[in-house]
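A.B. asks: Structure of the sequence below:
(one chain, ligands or ions: 2)
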Amino acid sequence: MLHSWDAGAVRAAEEPLLAAGEPLMARASFALATRVASLLRETRGRAGGSRVVLLVGSGHNGGDALHAGALLARRGVAVSAVLTTERVHAEGLAALRAAHGHVLAVDHDDQAVPDAVAAALATADVVLDGLLGLGGRGGVRGPAARLVAHVAQARPRPVVVAVDLPSGVGVDDGTRNGVVLDADLTVTFGAYKPALLLPPAAAAAGRVELVDIGLAPAGPPAVARLEAHDVAALWPVPAPDAHKYVRGVLGVVTGSARYPGAAVLTVAGAVRAGVGMVRYIGSAGPQVLAAHPEVVVGDGRVQAWVVGSGVAPDDDEQRRRVRDALVHAVGHDEPVVVDAGALDLLPDAVPAHVVLTPHAGELAALLTARGEHVARADVEAAPLAHARRAHDLTGATVLLKGGTTVVAGPHGATYAQADGPSWLATAGAGDVLAGVVGALLAGRAADAVADPTLPAALAAAAALVHGRAAGHANPGGPVTAGDVADALPAVVAGVLRA
Ligand SMILES: NC(=O)C1=CN([C@@H]2O[C@H](COP(=O)(O)OP(=O)(O)OC[C@H]3O[C@@H](n4cnc5c(N)ncnc54)[C@H](OP(=O)(O)O)[C@@H]3O)[C@@H](O)[C@H]2O)[C@@H](O)CC1
Ligand SMILES: [K+]
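C.D. replies: Ligands and ions are numbered 1, 2, ... in the order given. Predicted structure coming up:
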């Protein structure tokens, strides 16, 4: 599992080490210089003779860049530092000067990027972004912002290495504030920060390399990302003597006369993820049976539910069945996945084993219905904050679908899963995901009710398997929702071997 800690926790972990005189910045900048040197060797064959430009802000992040620049200069790299404020890390600057690095500056009166700076950037093999790190608040401002815009527009674009974090991201909430310099590589120190896992900021980080500088952040992580072996530990693998009822029966109230395919796809997700049995309730029974003869159509005892996928707003009968299932599930402590057309039928307050699976637009509508006046773009700009808000308002575990899927549950349980290719953004893929989440909740129904943080982990596990299934179905190319479902058994088997 990847864990990330917010700025406060990282600083708290640094404090005693700094007090004990541990050379954290020396470790960080040495590791940074080493990574940049190997990047230069990869791209140019050798580090010596190449050109590196440092973008330097006022804090320790700029200090890391300056010290790393000094080490690179000593290895024969032509290093130019662009100081964006009058006050920069003094020791770092002295080290760079001693190593014969060039020092350039932009100041507040400069309306454009000075010629000498533009010339250095135009021939740079690597640009090191040391403008803002843990201490960054709000977007990059002033001359630094003009520099960032200049580099971002440069063609060809130099390779950008972010120091600790891409400057301009919200360290703890994963937002992008104004101009952000998208990096090819981020060398991060001591621990992942939430912005390196969360959308939309994580996309700015490029590849992330974590450097151990001796930090040991305490307390629960802010945001986690499951890996295959974590999912294997969560997966409800049948015991040798299991029968279908023990393994979990999933009640599925999805699809409608207008969208019968959604019923077929939800069921496909559930049965291919390995649920013991599905009971389907709704008008799409014939289509579901044609595709999945193992399904039982009609009422009966279940351990968990999936409701709402493809339930049209004007299908009064199916909406009544969804409402009945929701009331029954909440009243009988049965976990339930609430998707799409069921989201507006959610009771005011529900337990955490109710898992909502909205996309950004649906989450905006849900929050707006609860008096928050949120637009889809607001959710996309700050997915975690909105998913968490929805959890706070409803009590439900919230799985917010997107290129990176964010899950927010009780006691701070938070996951960001980036397992699928962009091809997964295809009609019906969400219906399959709802079925996979349902299968996991049915298989671990009692556990999911007993441990209110477990539904979030199970939802994240479902997102991982669903995302990988899309990649497995057709590596590098388009997939249909049905292809994703068909790939699930092999992907689950692969994950269980991890
Ligand atoms: N501590 C350690 O031992 C280690 C730390 N390490 C490194 O230190 C980094 C954290 O350093 P940091 O705390 O100095 O914060 P950093 O982000 O460099 O700069 C903050 C400065 O920027 C300013 N500022 C803020 N927002 C701004 C904005 N939007 N636009 C413009 N300016 C803005 C703010 O000024 P203020 O507004 O507060 O006057 C403040 O002066 C961390 O990411 C890692 O790289 C490693 O070496 C490992 C050991
Ligand atoms: K940075």
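
A.B. asks: Spatially central residue for this structure, please.
C.D. replies: residue 416 (3.3 Å; CA atoms, centre = their mean).

A.B. asks: and the gap between it and residue 257?
C.D. replies: 37 Å (CB to CB, to the nearest Å). Where you see a C-beta, it was placed from the backbone N, CA and C, and this is true even at glycine.

A.B. asks: Next: residue 362.
C.D. replies: Taken as CB to CB, the span from residue 362 to residue 257 is 21 Å.

A.B. asks: Those two - which one has more neighbours?
C.D. replies: Higher neighbour count among residue 362 and residue 257: residue 362, with 22 against 13, using other CB atoms under 10 Å.

A.B. asks: in what helix or strand does that one lie?
C.D. replies: If you go by DSSP states H and E, residue 362 is part of helix 360-369.

A.B. asks: average pLDDT across that helix?
C.D. replies: Averaged across helix 360-369, pLDDT comes to 98.

A.B. asks: Format the CA atom coordinates belonging to it as CSV.
C.D. replies: Provided in CSV are the C-alpha atoms of helix 360-369 (Å, rounded to 0.1, in the frame of the first residue of the first chain):
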residue,chain,number,x,y,z
ALA,A,360,-18.4,14.1,-10.6
GLY,A,361,-21.7,15.4,-12.1
GLU,A,362,-23.8,13.1,-9.9
LEU,A,363,-21.8,14.1,-6.8
ALA,A,364,-22.4,17.8,-7.6
ALA,A,365,-26.1,17.1,-7.9
LEU,A,366,-26.1,15.1,-4.6
LEU,A,367,-24.4,17.9,-2.7
THR,A,368,-26.6,20.6,-4.3
ALA,A,369,-29.7,18.7,-3.2
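
A.B. asks: Pull the distance from it to the chain's centre.
C.D. replies: 20 Å (CA atoms, centre = their mean, to the nearest Å).

A.B. asks: Are there helices or strands packed against that helix, and which ones?
C.D. replies: helix 376-381, helix 383-394, strand 397-400 (3 or more CB pairs under 8 Å, 6 or more residues apart in numbering; DSSP states H and E).

A.B. asks: Reformat those as a markdown table; add mean pLDDT and distance to residue 445.
C.D. replies: Shown next, in a markdown table, are the helices and strands packed on helix 360-369 (pLDDT from 0 to 100; distance: least, CB to CB, whole Å):
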| stretch | mean pLDDT | distance to residue 445 |
| --- | --- | --- |
| helix 376-381 | 98 | 30 |
| helix 383-394 | 98 | 20 |
| strand 397-400 | 99 | 14 |
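
A.B. asks: Among the ones you listed, which comes closest to ligand 1?
C.D. replies: With CB to the nearest ligand atom, the closest approach to ligand 1 among these belongs to helix 376-381: 17.1 Å.

A.B. asks: Counting neighbours, which bits of that closest one end up buried?
C.D. replies: 378-381 (16 or more other CB atoms under 10 Å).

A.B. asks: C-alpha coordinates for it, PDB please?
C.D. replies: This file holds the C-alpha atoms of helix 376-381, laid out as PDB (Å, rounded to 0.1, in the frame of the first residue of the first chain):
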ATOM      1  CA  ARG A 376     -19.400  19.500 -11.700                       C
ATOM      2  CA  ALA A 377     -16.300  21.600 -12.400                       C
ATOM      3  CA  ASP A 378     -16.000  22.300  -8.600                       C
ATOM      4  CA  VAL A 379     -16.000  18.500  -7.900                       C
ATOM      5  CA  GLU A 380     -13.400  17.900 -10.600                       C
ATOM      6  CA  ALA A 381     -11.200  20.600  -9.300                       C
END
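
A.B. asks: which residues sit against it?
C.D. replies: Helix 376-381 is contacted from outside by 175-176, 200, 360-361, 363-364, 367, 386, 400, 402, using CB atoms under 8 Å, 6 or more residues apart in numbering.

A.B. asks: before we move on, back to that, got the angle between the helix holding residue 362 and helix 383-394?
C.D. replies: 40 degrees (axes from the mean of the first three to the mean of the last three CA atoms, to 10 degrees).

A.B. asks: now what about helix 360-369, what contacts it?
C.D. replies: Here helix 360-369 has contacts from 340, 343-344, 346, 356, 358, 374-376, 378-380, 383, 386-387, 389-390, 393-394, 398, 400-402, using CB under 8 Å, 6+ apart.

A.B. asks: got the residues of the stretch 51-200 of the chain near ligand 2?
C.D. replies: Taking CB under 5 Å from the ion as the criterion, the stretch 51-200 of the chain approaches ligand 2 at residues 61, 129, 133, 162-163, 167.

A.B. asks: out of those residues, which one sits closest to ligand 1?
C.D. replies: For these, the nearest to ligand 1 is residue 133 (2.1 Å; CB to the nearest ligand atom).

A.B. asks: What residues does that closest one make contact with?
C.D. replies: Listed by CB under 8 Å, 6+ apart, the contact set of residue 133 reads 59-61, 64, 163-165, 167.

A.B. asks: Derive a ChimeraX selection command for the buried subset of those.
C.D. replies: To isolate the buried subset of these in ChimeraX, counting by 16+ other CB under 10 Å, use the following:
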select :59,60,61,64,163,164,165,167
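
A.B. asks: where along the stretch 351-498 of the chain do the strands fall?
C.D. replies: Assigned by DSSP state E, counting those that start in this stretch, the stretch 351-498 of the chain shows strands spanning 354-356, 397-400, 405-408, 414-417.

A.B. asks: I'd like to know which of the contacts of helix 376-381 are buried.
C.D. replies: Using 16+ other CB under 10 Å, the buried ones in the contacts of helix 376-381 are 175-176, 200, 360, 363-364, 367, 386, 400, 402.

A.B. asks: For these, please prepare CSV with the additional fields distance to residue 47.
C.D. replies: As requested, the buried ones among the contacts of helix 376-381 are exported to CSV (distance: CB to CB, whole Å):
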residue, distance to residue 47
175, 35
176, 31
200, 33
360, 43
363, 47
364, 48
367, 50
386, 44
400, 42
402, 38
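
A.B. asks: Tell me the one of those residues nearest ligand 2?
C.D. replies: Closest approach to ligand 2 among the buried ones among the contacts of helix 376-381 (CB to the ion): residue 176, at 13.4 Å.

A.B. asks: what bits of the stretch 201-350 of the chain have low per-residue confidence?
C.D. replies: Residue ranges of the stretch 201-350 of the chain with pLDDT under 70: none are present.

A.B. asks: residue in it nearest to ligand 1?
C.D. replies: Closest point on the stretch 201-350 of the chain to ligand 1, by CB to the nearest ligand atom, is residue 213, at 5.8 Å.

A.B. asks: which residue sits closest to that residue in space, ignoring its chain neighbours?
C.D. replies: Leaving aside its chain neighbours, residue 213 sits nearest to residue 27 (4.3 Å; criterion: CB to CB, 6 or more residues apart in numbering).
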